[in-house]
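Visitor: I would like the atomic coordinates for the input below:
(one chain, ligands or ions: 1)
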Amino acid sequence: MTDADGLDRAARAIADARRVVVSTGAGMSAESGIPTFREARTGVWARFDPTELASEPGFRADSERVWAWYAERRARMRAARPHAGHEAVVQLAGLVPDLAVVTQNIDGLHQRAGSTDVIELHGSIDRYRCLDAGHEYGAGEPPFALGGGGPPACPVCGSPLRPAVVWFGEQLPADAVARAWRLADACDVMLVVGTSGIVWPAAELPLVAGRAGASVVEVNPEPAAQGSAIRLADAAGVALPALVAAVQRLRHTG
Ligand code: NAD
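Guide: Predicted structure coming up:
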């Protein structure tokens, strides 16, 4: 459980901050019913081999299976709803001059909650790209059928379509990385929520922020992020609303 002193220190750091970055991982979406990858009992990878389902060699070897797995994940993510923690991030943006969300999640829940400045480091389950020529198709209704039976063909060049997410062994989108690292280097507070700190390069963000002098606050029931000075040891849906309430109290008491 979060101790009162940690909550108070985190709230004071935020109340004094001009620039806040909220860096989120799979744990941010756990309370919306989307499993994380690494949690032993419920994690997606406990049942599947990631290199088969989330890599280009795996897709080339069995594109039908990978497409079907992503179709199932997409359906689950679309059915999920943002929780109180996502809403707290939206409220926090109204309490500080500048707040950006940098997420490893592909589920779009921050945007659906109402966050407007969201950098997606690992792509989005709602976008598609063709395997051979990189033609991109955005959210909304894509010009191809999304049903079963394997990946549809790219309407432009005919090559198979894959989800526009970052797979194992792939580079992160350069523009998203550049902006995220700039923000980490310039922020006063970085809130690190629900990430195990294992997946690089995203795991470097709190280190960049810490080195640049920011207060790094971790929200995670389990210890994880390296370099965090303050830890709120609760689930995101509990800790983030409590943090927002504490910042609001400070604002009212001056
Ligand atoms: P991870 O699965 O490695 O770790 C999740 C972390 O969240 C753990 O440290 C865990 O203790 C913590 N956690 C669990 N429940 C929590 C809660 N309610 N509140 C706060 N923290 C909680 O996740 P990761 O570090 O983000 O890396 C996995 C990769 O998998 C990411 O790069 C991401 O792209 C991808 N992924 C995305 C989704 C999604 O979009 N929702 C889901 C699964 C995996």
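Visitor: which strands or helices does the lowest-mean-pLDDT helix or strand in the chain pack on?
Guide: In the chain, no helix or strand scores lower on mean pLDDT, DSSP states H and E than helix 50-53, which sits at a mean of 78. Contact here means 3 or more CB pairs under 8 Å, 6 or more residues apart in numbering; DSSP states H and E; on that basis helix 50-53 packs against helix 56-61, helix 63-79. Heads up, the C-betas are built off the backbone N, CA and C, glycines and all.
Visitor: is the ligand contacted by whatever helix or strand comes next after the longest one?
Guide: Pointing back at helix 63-79 there. Next in sequence after helix 63-79, counting helices and strands by DSSP states H and E, comes helix 84-93. No: on the criterion CB under 6 Å from any ligand atom, helix 84-93 is out of touch with the ligand, staying 7.1 Å away.
Visitor: contact residues of the protein facing the ligand?
Guide: For the chain, the residues in contact with the ligand (CB under 6 Å from any ligand atom) are 25-27, 29-31, 34, 36-38, 104-107, 122, 193-196, 198-199, 219-222, 224, 235-236.
Visitor: count residues in the vicinity of Ser63, would you?
Guide: By other CB atoms under 10 Å, 16 other residues sit near Ser63.
Visitor: identify the residues contacting it.
Guide: Applying CB atoms under 8 Å, 6 or more residues apart in numbering, we find Ser63 in contact with Gly150, Pro151, Pro160, Arg162.
Visitor: need the longest strand for this protein.
Guide: Across the chain, the strand with the greatest residue count (assigned by DSSP state E) is strand 123-130.
Visitor: what about that one, average pLDDT?
Guide: Mean per-residue pLDDT for strand 123-130: 93.
Visitor: ditto for stretch 18-33
Guide: According to the model, stretch 18-33 has a mean pLDDT of 97.
Visitor: one more: stretch 90-106?
Guide: For stretch 90-106, mean pLDDT rounds to 97.
Visitor: if you count neighbours, what's buried in that stretch?
Guide: For stretch 90-106, the neighbour count (16 or more other CB atoms under 10 Å) marks 90-93, 95-96, 99-106 as buried.
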